[in-house]
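A.B. asks: need a structure here:
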Amino acid sequence: MLIPGFDEFELDLELAFKRDLPPFIEKVIAAPLTYVNVESIPIKKNGVYLLLQNDTVMYVGKTDSKAGFHSRLTRHATHLQHRKNLDPSSITFKAVAIPVFKNADLESILIQHYGAPWNFSGFGGNDPGRQRDTQKPADFDISYPIDVDLPIEFIIAGTYSCGELLKRLSANLPYTFRFEKQAHQEELNTPINVPSDNMTVRSLLTLVIEHLPKGAWQATILFGRIILYREQRDYPYFQDIIRA
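C.D. replies: This next block holds a predicted model:
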């Protein structure tokens with residue numbers, strides 16, 4: 001019903017974002033996905049971001065947390081380390097702060113616009129837990145499995161308890177390393193001499209298995225994580241299994 005001298009205007013946010021956001025993003029200069037570059041973003045800024053590989057948009061994400069872009073992009077930068085078939089230096093990012101966007105599904109808008117093959121591939125997922133270790137890996141992990149044959153710098157030569165060495169690996173590797181922490185503490189207290197710096201994860205795991213009771217433990221290198229338990233079993237999807 002028409003009312004003389006009155007009307008009501010409603011802004012179509014979704015239409016505005018579809019029309020204006022992609023051209024705006026195209027003008028943003030991509031930066032290498034490094035911790036230094038991520039830290040340079042103003043704190044507590046929220047909005048949308050793109051991850052690009054050789055100028056191709058691979059992933060679209062958004063953040064509306066108190067940590068802003070920092071937490072999410074830092075996690076992605078870590079997740080992309082130590083992967084086969086993937087050079088972290090080829091990954092760049094664009095982050096666009098948008099003060100008000102909760103009423104618009106910007107992720108879907110940009111995924112539809114760019115394609116973004118890493119979305120819905122399992123990229124950036126958290127550890128799915130022990131019950132998922134026998135299930136088919138995420139597509140991202142199949143395409144870019146973890147690389148356990150790279151030298152690591154955070155374990156230097158010296159003597160450690162088995163449990164201490166495993167905790168250091170778990171805390172510092174750029175992918176999930178899950179091991180049996182509660183039971184068998186006496187066995188995990190076994191001392192281990194790490195003979196040199198810059199050993200590979202595979203070499204360290206082999207060293208650990210050699211110092212634990214023979215035929216009891218195994219390290220299973222899955223596509224996206226490592227697990228080490230007091231067990232002798234096969235998994236339907238794995239890269240390698242290290243036993244005594």
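A.B. asks: how near is the most centrally placed residue in the chain to Gln218?
C.D. replies: Centroid-nearest residue in the chain, with C-alpha atoms, centre = their mean: His79, separated by 2.9 Å. Going from His79 to Gln218 by C-beta to C-beta, to the nearest Å gives 25 Å. For the C-beta atoms, the positions are set from N, CA and C on the backbone; glycine is no exception.
A.B. asks: bridging residues for Pro151?
C.D. replies: Thr200 (DSSP bridges).
A.B. asks: List the buried residues of the longest helix along the chain.
C.D. replies: Using DSSP state H, we find that the single longest helix of the chain is helix 13-27. Residues of helix 13-27 classed as buried: Phe17, Lys18, Leu21, Ile25 (neighbour count, 16 or more other C-beta atoms under 10 Å).
A.B. asks: Now the element after that helix, going C-ward?
C.D. replies: As assigned by DSSP states H and E, the chain's next helix or strand after helix 13-27 is strand 31-32.
A.B. asks: Run through the neighbouring helices and strands of that following strand.
C.D. replies: If you count contacts as 3 or more C-beta pairs under 8 Å, 6 or more residues apart in numbering; DSSP states H and E, strand 31-32 packs onto strand 91-97.
A.B. asks: Measure how whichever helix or strand comes after the strand it packs on sits relative to strand 91-97, angle-wise.
C.D. replies: For strand 91-97, the succeeding helix or strand toward the C-terminus, using DSSP H and E, is helix 106-114. With axes from the mean of the first three to the mean of the last three C-alpha atoms, to 10 degrees defining the directions, helix 106-114 sits at 130 degrees from strand 91-97.
A.B. asks: List the contacts of helix 106-114.
C.D. replies: 14, 17-18, 21-22, 25, 47-48, 50, 57, 60-62, 98, 116, 119 (C-beta atoms under 8 Å, 6 or more residues apart in numbering).
A.B. asks: So what's the gap between that helix and the chain middle?
C.D. replies: Centroid displacement of helix 106-114 relative to its chain, using C-alpha atoms, centre = their mean, to the nearest Å, is 21 Å.
A.B. asks: Each with direction, which strands does the helix or strand hosting Thr159 pair with?
C.D. replies: Take DSSP H and E as the rule and Thr159 turns out to sit in strand 158-161. Sheet partners assigned to strand 158-161 using DSSP bridges are listed as strand 191-194 (antiparallel).
A.B. asks: Quick check: what element follows the partner strand along the chain?
C.D. replies: helix 201-211.
A.B. asks: pLDDT of that next one, averaged?
C.D. replies: Averaging pLDDT along helix 201-211 yields 97.
A.B. asks: sec struct for the residue lying closest to Ala116 once chain neighbours are set aside, please.
C.D. replies: Take Ala116 and drop its neighbours on the chain: the residue closest to it by C-beta to C-beta, 6 or more residues apart in numbering is Val60, 4.6 Å away. Following DSSP: H, G, I helix; E, B strand; the rest coil, the label given to Val60 is strand.
A.B. asks: Could you report the distance from Val60 to His113?
C.D. replies: Distance of Val60 to His113, given as C-beta to C-beta: 9 Å.
A.B. asks: Among the two, which residue is more densely surrounded?
C.D. replies: Val60 (23 against 14; other C-beta atoms under 10 Å).
A.B. asks: That one contacts Val48, doesn't it?
C.D. replies: Yes: with contact defined as C-beta atoms under 8 Å, Val60 reaches Val48; the gap is 6.9 Å.
A.B. asks: Tell me where the chain is predicted with low confidence.
C.D. replies: 1, 101-103 (pLDDT under 70).
A.B. asks: List the contacts of the residue nearest to Ala116.
C.D. replies: Val60 touches Val48, Tyr49, Leu50, Leu51, Glu107, Leu110, Ile111, Tyr114, Ala116, Asn119, counting by C-beta under 8 Å, 6+ apart.
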